[in-house]
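> Below: sequence and its predicted model.
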Amino acid sequence: MFKLHSLAVLLLSSGLSMSLACGGDDDDDGNVGGADAGDNTDAGASACPDHPAVTEMGAVCAITGSDTSPITEDLHLTADAQYLLNGPVFIGDDSAETVLTIDAGVTIYGGDGSFLLIQRGSKIEAIGTAAEPIVFTSAKATGMRGPEDWGGLVINGKAPINNADDADGSAPGEAGTGRYGGNDAADGSGTLNYVRVEFAGNKVDSENELNGIAFQGVGSGTDVDFIQTHMTSDDGIEFFGGTVEIKHVVVTGSDDDSIDWTGGWQGKAQFVVAEQSADSGAEAERGIEADNLEANNSATPFSNPTLSNFTLIARPGNGSNGMRLRRGTKGAFHNFVVTGFGGFCIRVTESQTEANVDDQSLTISNHVHNCTMGAAAEGKAVDLVENESTVADPNLTNWQPQMGSPALGIGAGPSDAFFDAVDYAGAFDGTNDWSAGWIETATN
């Protein structure tokens, strides 16, 4: 358990307590824009919310809410204080609604053993701005931070999954992260706008570790736009079933797959860039790892997302495949770029996944491939990309396609109302940088 005493020792030994108390570190910590942890010069424990789950501890406000004693009273975090997660913090009791509201510019710190979990029926309303993003980060000092410093963000919803073990349509989350799933595809778990989750992915035990953000049975009533996961152990973002839809997403420096799904995710995504880090180890493999369900590749509802305008960029020396479509996943993938992987850009495995290619419930269109072994591995991956592949260097600089790039003018994406109408492949159009000012680039 992540105790207040051990947290105080961590802060004092790292020097972070000084930046929290005094407000600032002269903007040399690698944060982009106004996201500095110490920007609030008047921050301190005197501004702690008057709430039974919040304890003043020196210059910071420690938040406590375990699985056996979750937070069941609405909590509002304002930008005039700094916050620490004291161990796993559960919002809601998996029944009545509890709302966690986080103002623009708030920074929340976590240490070993801590994570934030939004239970079914409760909500997180985290609405930042490009100038003042909301940041979940390591309690260690700048220069000492790294993947696995703390747990990450987990959101549980009531949308359908395909691995339920209860009549209410739910299943237990991995690593003791509550129950998730249900029968409400339109379920809403709140809002994430301009939110960063960095240096996360703590190991819970020898068998389980958390991701940057885990969307577990999260429904389409949840608003997710402009989010980043950065330098995370395990996956950057993982979907466990549900129907959540996401836009303007940056996944950088994941130590496993950048984006992963299983359990029947039926959501949508547009404008996603996933770039691996040179600092990541050999376990940083695929840009996308896509499953229906390992235990039953034909489980329903099938994983069947629609993605458009995504860019997958390998770390130097990565010999893996860019996209691994397996274990029965379906899906429609439009207007995308896969580049730099030493293996194939796309691999398809398992008989159910291959059948999905045959009946065209797994499709791709308008894509640019630039991988050492070619566009597609053997078997059905070849059928998937046949007559669809543009094999060429996408000519990217800072994620942007340059003049003459084959990604520009490649064709229209999905006609679904969720998707903006564009005619380029990848997350960026060569001109507009929607990531400017709010993402993190420092690796420690």
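Looks like it arrived, so ask away.
> Buried residues, stretch 313-327. List them.
Ile313, Ala314, Arg315, Asn318, Ser320, Asn321, Gly322, Met323, Arg324, Leu325, Arg326, Arg327 (16 or more other Cβ atoms under 10 Å). C-beta coordinates here come from the backbone N, C-alpha and C atoms, glycine included.
> who's in contact with the last one?
It stands for Arg327. Contacts of Arg327 were listed using Cβ atoms under 8 Å, 6 or more residues apart in numbering, and they are Thr262, Asp291, Asn292, Leu293, Glu294, Asn297, Thr349, Glu350, Gln352, Thr353.
> cool, and Val99?
Asp74, Leu75, Ser122, Lys123, Ile124, Glu125, Gly190.
> how does it look with 6 Å?
By Cβ atoms under 6 Å, 6 or more residues apart in numbering, the contact list for Val99 reads Asp74, Lys123.
> Let me know the pLDDT of it.
At Val99, the pLDDT value in this model is 98.
> Who is it paired with across the strands?
On the basis of DSSP bridges, Val99 is bridged to Lys123.
> Of the buried residues of stretch 313-327, just say which sits nearest to Tyr180.
Using Cβ to Cβ, Arg327 is the member of those that sits closest to Tyr180, with 19.4 Å.
> hang on, that closest one in a strand?
No. Applying DSSP: H, G, I helix; E, B strand; the rest coil, one finds Arg327 to be coil, outside a strand.
> nearest residue to it other than its sequence neighbours?
Asp291 (4.1 Å; Cβ to Cβ, 6 or more residues apart in numbering).
> check contacts around that neighbour.
Asp291 neighbours (Cβ under 6 Å, 6+ apart): Thr262, Arg326, Arg327, Thr329.
> okay, now Ser298: neighbour count?
13 (other Cβ atoms under 10 Å).
> Surely it is in contact with Glu350?
No. Applying Cβ atoms under 6 Å, one finds Ser298 not in contact with Glu350, separated by 10.1 Å.
> For my notes, confirm Asn356 occurs in a helix.
Yes. Counting by three-state DSSP, Asn356 is found in a helix.
> Skipping its backbone neighbours, what lies nearest Ala295 in space?
Counting by Cβ to Cβ, 6+ apart, the residue nearest Ala295 is Asn163, at 7.1 Å.
> In contact with the one you found, which residues?
Contacts of Asn163 by Cβ under 6 Å, 6+ apart are Ala171, Gly263, Leu293.
> contacting residues around the most centrally placed residue in the chain?
Taking Cα atoms, centre = their mean, the centroid of the chain lies closest to Ile237, which sits 3.1 Å from it. When contacts are counted by Cβ under 6 Å, 6+ apart, Ile237 is found next to Ile213, Thr229, Val251, Ile259.
> how far away is the first one from Thr222?
It refers to Ile213. According to Cβ to Cβ, to the nearest Å, Ile213 stands 12 Å off from Thr222.
> The third one too?
When distances are taken as Cβ to Cβ, Val251 and Thr222 turn out to be 18 Å apart.
> cool, Leu100 as well?
Counting by Cβ to Cβ, the separation of Leu100 from Thr222 is 14 Å.
> Tabulate the CA atom coordinates of stretch 58-67 in PDB.
Extracted in PDB, the C-alpha atoms of stretch 58-67 (Å, rounded to 0.1, in the frame of the first residue of the first chain):
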ATOM      1  CA  GLY A  58       2.700  19.700   3.900                       C
ATOM      2  CA  ALA A  59       2.200  21.600   0.600                       C
ATOM      3  CA  VAL A  60       0.000  19.000  -1.100                       C
ATOM      4  CA  CYS A  61      -3.400  17.500  -0.800                       C
ATOM      5  CA  ALA A  62      -3.400  13.700  -0.500                       C
ATOM      6  CA  ILE A  63      -6.500  11.800  -1.900                       C
ATOM      7  CA  THR A  64      -7.400   8.500  -0.300                       C
ATOM      8  CA  GLY A  65     -10.200   6.100  -1.400                       C
ATOM      9  CA  SER A  66      -9.500   2.400  -1.500                       C
ATOM     10  CA  ASP A  67     -11.600  -0.400  -3.000                       C
END
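> quick one: buried residues of it?
Neighbour counts over stretch 58-67 (16+ other Cβ under 10 Å) mark Ala59, Val60, Cys61, Ala62, Ile63, Thr64, Gly65, Asp67 as buried.
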